[in-house]
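> Have a look at this prediction, sequence included:
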Amino acid sequence: MLKLYHGSEIIIENPIYGKGKLNNDYGRGFYCTEDIELAKEWACAKGNNGYVNCYEIEIENLKLLDLNDSQYSVMNWLALLTENRTYWENSAISSNAKNYLKKNFFMDISEYDVVKGYRADDSYFSFAQAFVAGTLSLKKLNEAMRLGNLGEQIVLKSKYAFEKIKFLGCEEVRSGVYYEKKRKRDLEARRQYRKNNKEADNIDDIFMIDIMREGMKNGDPRLR
């Protein structure tokens with residue numbers, strides 16, 4: 001049994017399959033976390049008071065895709081972002097890179113009940129955009145994804161998964177505390193990112209343009 005939390009401005013006793021935005025990180029679904037403190041921050045993301053909704057779900061018979069498993073790389077996560085996120089910086093390299101990511105690293109997640117992976121909030125998405133635009137190396141992108149403990153998310157994708165989730169209760173969250181915590185977490189991640197990015201790149205570091213030129217594909221050990 002897995003305990004999940006969903007931060008929101010409203011109480012959600014019965015998550016409804018088929019609702020939600022299409023342009024979220026992993027498409028339409030119900031986005032949760034195993035970390036109650038992160039959920040509280042997300043509940044106050046717009047600066048308003050909110051609620052952390054608590055659930056439990058039996059995942060034994062659910063088909064789970066864990067994008068942080070060793071068989072996958074950050075490239076698979078990026079390919080999903082290029083498919084689902086609508087806003088990207090426009091440049092010739094970015095456009096070609098997005099097409100390359102979709103062609104070589106995109107995964108069909110429609111067969112899975114639950115997806116687990118990075119959460120592309122403002123910090124993570126800015127790191128992703130820098131890599132796709134060719135200004136950040138793969139090594140530094142992987143380092144950036146660990147900055148600030150910005151967290152993972154667990155997304156219910158299938159109707160079957162929605163049938164398995166059970167509401168346990170909720171707790172009111174005050175924005176005066178948790179909006180500030182979210183802001184500080186994001187600022188710390190960006191500060192560490194800027195610090196790391198000032199360090200000189202190694203001649204062997206891989207950039208998006210190298211991946212395209214050398215035709216690297218899913219499973220290439222150089223992308224680990």
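That came in fine, so what should we check first?

> List the buried residues of the helix of greatest length in the chain.
Across the chain, the helix with the greatest residue count (assigned by DSSP state H) is helix 175-197. For helix 175-197, the neighbour count (16 or more other CB atoms under 10 Å) marks 175, 178-179, 182, 185-186, 189-190, 192-193, 197 as buried. For glycine as for every other residue, the C-beta is placed from the backbone atoms N, C-alpha and C.

> go on, stretch 207-218?
Within stretch 207-218, the residues scored as buried using 16+ other CB under 10 Å are 207-208, 211-212, 216.

> Show me the strands in this structure, by range?
Remark: strands assigned in the chain by DSSP state E are 2-8, 30-32, 50-57, 64-66, 114-118, 152-156, 165-173.

> So what touches the fourth one?
What it means is strand 64-66. Applying CB atoms under 8 Å, 6 or more residues apart in numbering, the contact partners of strand 64-66 are 72, 107, 109, 112-117.

> Considering the residues you listed, which is situated nearest to Tyr31?
Val115 (9.7 Å; CB to CB).

> From the contact counts, what lies against the lowest-mean-pLDDT helix or strand in the chain?
The helix or strand of the chain with the lowest confidence, counting by mean pLDDT, DSSP states H and E, is helix 122-132 at a mean of 81. Packed against helix 122-132 by the contact rule (3 or more CB pairs under 8 Å, 6 or more residues apart in numbering; DSSP states H and E) you find helix 74-84, helix 92-105, helix 138-144, helix 175-197.

> which residue is nearest the centroid of this structure?
The centre of the chain sits closest to Arg119, judged by CA atoms, centre = their mean, with a distance of 2.2 Å.

> Tell me the spacing between it and Trp42.
Arg119 sits 9 Å away from Trp42, going by CB to CB, to the nearest Å.

> swap in Gly29?
Distance of Gly29 to Trp42, given as CB to CB: 15 Å.

> Measure how buried the nearest residue to the residue nearest to the centre of the chain once chain neighbours are set aside is and give me the count.
Setting aside the residues directly before and after it, Arg119 is nearest to Gln153 in space (CB to CB, 6 or more residues apart in numbering), at 4.3 Å. By other CB atoms under 10 Å, 25 other residues sit near Gln153.

> Just grab the bridge partners of Gln153 for me.
Beta bridges link Gln153 to Gly117 when assigned by DSSP bridges.
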